[in-house]
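Visitor: sequence first, predicted model second:
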Amino acid sequence: MKLLKPAAAGTLESSDCFVSIEPSENGIEIDLKSDVIRQFGDRIREVIGETLETLGIENCTISVTDKGALDCTIRARVESAAFRSAEIKEEIPWEKL
Amino acid sequence: MEKVLTRYLTDNEYASFSGILERNGLRLETEPEEYCYVTENGNMVATGALEGNVMKYLSVREDMRGEGLLNTIVSSLMERAYEKGIYHLFIYTKPMNRELFISLGFHVIYMTSDVLFMENRRNGLDVFISKLIMETGDELLKAEDAAAIVMNADPLTKGHEYLIHEALKDSDVLHVFLLSYDRDMYPLETRMKMLKDLLKDEKRAVIHEGGDYMISRGTFPTYFFKDKKDGVRAECELDIRLFGEKIAPALNIKKRFAGTEELSGFTATYNSFMEMILPEYGIGFIKVDRLRIDGRPVSASEVRRIVREGRNKEAEELVPLSTAVLL
């Protein structure tokens, strides 16, 4: 998937996360803030990395401010930020996700 | 609980919005493009607004704190900003709110004793400084004796031209920073063209856009200071320290030039703070007597006034030829 512009998804409310993503040229750079970073920081990074890999994104700057979101929430927020960034509104490849 | 995002406040909404701010020692002093508030049982309990790329007026009613209402406001405003194509956002707040805004995904740019300046990017200032270095180029970066001028150039006058030449006499390289925020008459693009045309043959001058880290009057909120004078002092101090500690060293700037300001007001105050603070960072502050034509000091505000009155011929006397064609 080719990212075209900066885009964001999610909220800062409890059990959610705010994700902003933008195109870059230097691989994947994750900027993570989390209330539970000591306990779950590594796991959250893993989920972000896996989601980006599934979407075929190799270069981006992604910033995630986590408020205790579950894995599936993080995945969903990363996906929708990426789709917005790639300006994909229809024909979302659901079966791949 | 209900969240509202709106471009305009009705009279009732306005009263509640400013009421919450006032109870928190803040005041609504500008007209943001987007307002956001949260209500509980029909009563407004939290507020926030977006003005350009600055988030302002963030406050929560005292008895409603700790419920994550600020999170709701900040994420709604961020989402709205992204929709509008504004991706780089800034906040000015009190230093005591540092942890709070870090937990909302903001990063510290600079902190003085009474203002904390934050952005939603991790290394925004570094990116800005790299851009300044690139614009300067290796050759000019080597200069021992670099100087800087910061200006609005609204419009660029013979006064600016004189100041630039005086500064060039006394330095190897001159960095001219043009403030990005459009304050009055001419948009950035026009002001930039005026400056570029004037300096097109001057190899020792480098023009930079002031961007988001040279704070123009107009973006800095003074609303969280009870006394407006304290707000002005805080604004000057933040801007000058950020320049002295972060920007100047990257470009090896050792001097800052400014024209004398005879009238009191913001510029005069700003100059006196430069004189006081810049030496702390090993930067000399040099005041140059303002250029006079026919005995009268040349100022951009005077030129604007003359142009507004349609007396363009008269205005042309006060500006370089390169500006005159753009008036």
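Guide: Thanks, I have the structure now.

Visitor: alpha carbons only for contacts and neighbour counts from here, please
Guide: Noted.

Visitor: counting neighbours, what do you get for residue 13?
Guide: In the absence of a named chain, this looks at chain A. 22 (other Cα atoms under 10 Å in any protein chain shown).

Visitor: hmm, no, I was thinking of chain B.
Guide: Quick note: residue B:13 (other Cα under 10 Å) scores 14 neighbours.

Visitor: measure it to residue B:288 for me?
Guide: 49 Å (Cα to Cα, to the nearest Å).

Visitor: who's in contact with the residue sitting nearest the centre point of chain A?
Guide: For chain A, the residue nearest the mean C-alpha position is residue A:78 (2.5 Å; Cα atoms, centre = their mean). Applying Cα atoms under 8 Å, 6 or more residues apart in numbering or on different chains, we find residue A:78 in contact with A:9, A:19, A:48, A:51, A:52.

Visitor: secondary structure element holding it?
Guide: Taking DSSP states H and E as the criterion, residue A:78 maps to helix A:71-85.

Visitor: give the residue farthest from the middle of chain B.
Guide: residue B:41 (39.0 Å).

Visitor: not counting its neighbours along the chain, what's nearest that one?
Guide: Closest residue in space to residue B:41, ignoring its immediate chain neighbours: residue B:1 at 6.9 Å, by Cα to Cα, 6 or more residues apart in numbering or on different chains.

Visitor: output the contacting helices and strands for the helix or strand hosting residue B:275.
Guide: Assignment of secondary structure by DSSP H and E places residue B:275 within helix B:266-277. For helix B:266-277, the contact count by 3 or more Cα pairs under 8 Å, 6 or more residues apart in numbering or on different chains; DSSP states H and E identifies helix B:228-242, strand B:284-288 as packing neighbours.

Visitor: just those: most buried one?
Guide: helix B:228-242 (a mean of 19; mean count of other Cα atoms under 10 Å in any protein chain shown).

Visitor: other residues contacting that helix?
Guide: Contacts for helix B:228-242 (Cα under 8 Å, 6+ apart): B:110-112, B:114-115, B:213-215, B:220-225, B:266, B:270, B:273-274, B:277-278.

Visitor: go again using 7 Å as the cut-off
Guide: B:110, B:112, B:114, B:115, B:214, B:215, B:220, B:222, B:225, B:270, B:273, B:274 (Cα atoms under 7 Å, 6 or more residues apart in numbering or on different chains).

Visitor: from the residues you listed, pick the one nearest residue A:94.
Guide: residue B:110 (43.6 Å; Cα to Cα).

Visitor: can you name the residues bridging to that closest one?
Guide: Beta-bridge pairing of residue B:110 under DSSP bridges involves residue B:117.

Visitor: element containing the closest residue to chain A within the stretch 201-327 of chain B, please.
Guide: Relative to chain A, the nearest point of the stretch 201-327 of chain B is residue B:212 (18.2 Å; Cα to the nearest Cα). Following DSSP H and E, there is no helix or strand that holds residue B:212.

Visitor: pLDDT score for the closest residue to it other than its chain neighbours?
Guide: In this structure, residue B:212 finds its nearest non-sequential neighbour in residue B:180, 7.6 Å apart by Cα to Cα, 6+ apart. pLDDT, residue B:180: 90.

Visitor: surely residue B:180 is in a helix?
Guide: No. Going by DSSP: H, G, I helix; E, B strand; the rest coil, the assignment for residue B:180 is coil, not a helix.

Visitor: so who does it touch?
Guide: Counting by Cα under 7 Å, 6+ apart, residue B:180 touches B:188, B:209, B:210, B:211.

Visitor: right, and the first one touches residue B:182 too?
Guide: What it means is residue B:188. Yes. Under the criterion of Cα atoms under 7 Å, residue B:188 makes contact with residue B:182 at 6.2 Å.

Visitor: and stretch A:65-77, C-alpha only, in CSV?
Guide: Extracted C-alpha coordinates of stretch A:65-77, given in CSV (Å, rounded to 0.1, in the frame of the first residue of the first chain):
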residue,chain,number,x,y,z
THR,A,65,-0.8,7.4,21.7
ASP,A,66,-2.3,4.5,23.5
LYS,A,67,-4.9,4.7,26.3
GLY,A,68,-5.0,1.1,27.1
ALA,A,69,-6.5,-0.2,23.8
LEU,A,70,-6.8,-3.9,23.1
ASP,A,71,-4.8,-5.5,20.3
CYS,A,72,-7.8,-5.6,17.9
THR,A,73,-8.5,-1.9,18.6
ILE,A,74,-4.9,-0.9,17.9
ARG,A,75,-4.9,-3.0,14.7
ALA,A,76,-8.2,-1.3,13.5
ARG,A,77,-6.9,2.2,14.2
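
Visitor: picking that back up, what's the spacing between the helix holding residue A:78 and its chain's center?
Guide: 5 Å (Cα atoms, centre = their mean, to the nearest Å).

Visitor: follow-up on the earlier one: buried ones in the helix holding residue B:275?
Guide: Within helix B:266-277, the residues that count as buried by 16 or more other Cα atoms under 10 Å in any protein chain shown are B:267, B:270, B:271, B:274, B:275, B:277.

Visitor: give me the pLDDT for residue 6.
Guide: Let's take chain A. pLDDT, residue A:6: 95.

Visitor: hmm, I had chain B in mind actually
Guide: pLDDT at residue B:6 comes out at 96.
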